[in-house]
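Chemist: Just to be clear, the model below is a prediction. Sequence and coordinates:
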Amino acid sequence: MAPKKAKKRSEGGGSNVFSMFEQAQIQEFKEAFTIMDQNRDGFIDKSDLRDTFAALGRLNVKQEEIDEMLKEASGPINFTVFLTMFGEKLKGADPEETILNAFKVFDPEGKGTLKKDFVTEMLTTQADRFSPEEMEQMFAAFPPDVAGNLDYKNLVYVITHGEEKDQE
């Protein structure tokens, strides 16, 4: 039994990657893949990445950066490889409860929000520090409310599930 398992892993895990995601998530990944596959050949290559960056406004991407991205794949990047790469990235993420507990340390009242300025201070001065660009990206994706509060519960949900929770 054990050798079969090892063999499957070495073959890339078969179609098991599709069982890691819900159908709606797979459809979203397919849409992203299609956007990135600029030349529509079914594979993402150097020119596709360069064109995708250009479409996003980044015109001076270094060749080394693109090469590093492509090295993360085990070979040519078709949709299954693309999905597998995301599965591996997400599998490495801490469980939702662990990330939530980290934020709760700074939220003794349990409100589910933290002040933007406090979050900025903590993430740019402690442990694995965020760059100003990373802070800008985070707040663009998760803007604080008018009072300057960041909904960290929603942030954690998106980090661990990949989409926003429906508001009750």
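Modeler: That came in fine, so what should we check first?

Chemist: I'd guess L114 is in a strand, am I close?
Modeler: Yes. Counting by DSSP: H, G, I helix; E, B strand; the rest coil, L114 falls inside a strand.

Chemist: Make sure it is actually in contact with A102.
Modeler: No. Judged on CB atoms under 8 Å, L114 makes no contact with A102 at a distance of 11.2 Å. C-betas here are computed from N, CA, C, even on glycine.

Chemist: higher neighbour count, the two?
Modeler: When L114 and A102 are compared for neighbours, L114 comes out ahead with 20 against 12, by other CB atoms under 10 Å.

Chemist: list the contacts for that one?
Modeler: By CB atoms under 8 Å, 6 or more residues apart in numbering, the contact set of L114 is F103, F106, D107, N149, L150, Y152.

Chemist: At which residues are the helices of the protein located?
Modeler: Along the chain, the segments classed as helices by DSSP state H run 2-10, 23-36, 46-55, 63-71, 79-91, 96-104, 116-125, 132-141, 152-161.

Chemist: Name all residues that make contact with the residue nearest to L70 when sequence neighbours are not counted.
Modeler: Excluding the flanking residues, the one nearest L70 by CB to CB, 6 or more residues apart in numbering is K46, at 6.7 Å. Listed by CB under 8 Å, 6+ apart, the contact partners of K46 are Q63, I66, D67, L70.

Chemist: what about burial for those, which qualify?
Modeler: I66, L70 (16 or more other CB atoms under 10 Å).
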